[in-house]
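J.: prediction below, plus the sequence it came from.
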Amino acid sequence: MKVAPFPVLPLADYASVRREIRSGDILLASGEYAFSKLIQRATGSVWSHAAFVLRVEEIDRVMVLESIEGHGVRTLALSEYVKNFENTGAGYKGRLAIARHQRFSGAATTDNLKAMSQFAVDRLSYPYDSEEIARITARIVGNFLGFSADEIKRDQEYICSEYVYECYKTLGIDVPYDTRGFVAPADFARAKDVQLLWELQTHLKAR
């Protein structure tokens, strides 16, 4: 499946936009890792990963909440994505973008945001749903052969986009997902209420 190109976005240094990034903003990644390429080929999209941002003003941190292969659901500072991803001394290997769902601000009352944060944090360390990648592939093939798709399977394991999708649902925000029966990072980028804001510049490893 042909992969769409990375969109043209303003390139921003993280420090220059840090104060503008809000809780609920979406981090979209186009990775250069082997697993990232698998997701891209399966979905025909440049996007291989989705996560969301939670600002914790009490400790002056902009945190990323995500589910990734090999770790499951976890949190880390967004600055690590930019400067020291997985303790490599360099930023994420690939390209990063910040997106914003236009309905989030209206839906995120103090109580709703607390409920979403509790839902997200309560799932820290939940396992990554590796089998869902195989199911996505099967759904794509089945759709090509004319079989109908099932709804998203809900369990206690998450691929990255499922985790963000379920967290958003606590606010009553339902992101339209792939008609073949799965939610992928590309679904967030293409949603009509989601606006891509910036590409984040990542740091290269010092020589």
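T.: In hand now; what should we look at?
J.: for the residue most central in space within the chain, pull up the helix or strand it's in.
T.: Nearest to the mean C-alpha position of the chain, by CA atoms, centre = their mean, lies A50 at 1.1 Å. In this structure, A50 is located in strand 49-56 according to DSSP states H and E.
J.: buried residues in that strand?
T.: 49-55 (16 or more other CB atoms under 10 Å). C-beta here means a position set from N, CA and C on the backbone, and glycine is covered the same way.
J.: just curious, which of those residues is nearest to E162?
T.: Closest approach to E162 among these (CB to CB): A50, at 9.4 Å.
J.: what are the pairing partners of the helix or strand following the strand holding A50, and which direction each?
T.: On the C-terminal side of strand 49-56, the closest following helix or strand by DSSP H and E is strand 61-68. Here strand 61-68 has these sheet partners by DSSP bridges: strand 49-56 (antiparallel), strand 72-77 (antiparallel).
J.: right, and those strands - which one's nearest E32?
T.: The nearest among these, by CB to CB, is strand 49-56 at 11.5 Å.
J.: before we move on, the earlier item: out of the strands paired with strand 61-68, nearest to Y128?
T.: Here strand 72-77 is closest among the strands paired with strand 61-68 (CB to CB), at 4.8 Å.
J.: check the offset of that closest one from the chain's centre.
T.: 12 Å (CA atoms, centre = their mean, to the nearest Å).
J.: over to stretch 98-112?
T.: 16 Å.
J.: repeat that for stretch 113-124.
T.: Distance, centroid of stretch 113-124 to centroid of chain: 16 Å (CA atoms, centre = their mean).
J.: what does stretch 84-91 give?
T.: Distance, centroid of stretch 84-91 to centroid of chain: 19 Å (CA atoms, centre = their mean).
J.: extract the CA atoms of that stretch and return them as CSV.
T.: Coordinates of each C-alpha in stretch 84-91 appear next as CSV, following Å, rounded to 0.1, in the frame of the first residue of the first chain:
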residue,chain,number,x,y,z
ASN,A,84,16.8,12.2,24.4
PHE,A,85,14.4,9.5,23.2
GLU,A,86,14.8,6.2,25.0
ASN,A,87,18.0,7.6,26.5
THR,A,88,19.8,7.6,23.1
GLY,A,89,21.2,11.1,23.4
ALA,A,90,19.1,12.1,20.4
GLY,A,91,15.5,12.9,19.5
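J.: buried sites along it?
T.: 84-85, 90-91.
J.: return the member of these nearest to L171.
T.: Nearest member of the buried residues of stretch 84-91 to L171, counting by CB to CB, is F85, at 28.3 Å.
J.: what sits closest to the closest one if chain neighbours are left out?
T.: Closest residue to F85 apart from its sequence neighbours, by CB to CB, 6 or more residues apart in numbering: Y92 at 4.5 Å.
J.: mind listing the helices for the chain?
T.: 14-17, 34-43, 78-83, 104-107, 110-122, 130-144, 160-169, 185-190 (DSSP state H).
J.: for V8, find the nearest of those.
T.: Per CB to CB, nearest to V8 of those: helix 185-190, 13.4 Å.
J.: for that closest one, packing partners?
T.: Judged by 3 or more CB pairs under 8 Å, 6 or more residues apart in numbering; DSSP states H and E, helix 185-190 is in contact with strand 26-31, helix 34-43, strand 49-56, strand 94-101, helix 160-169.
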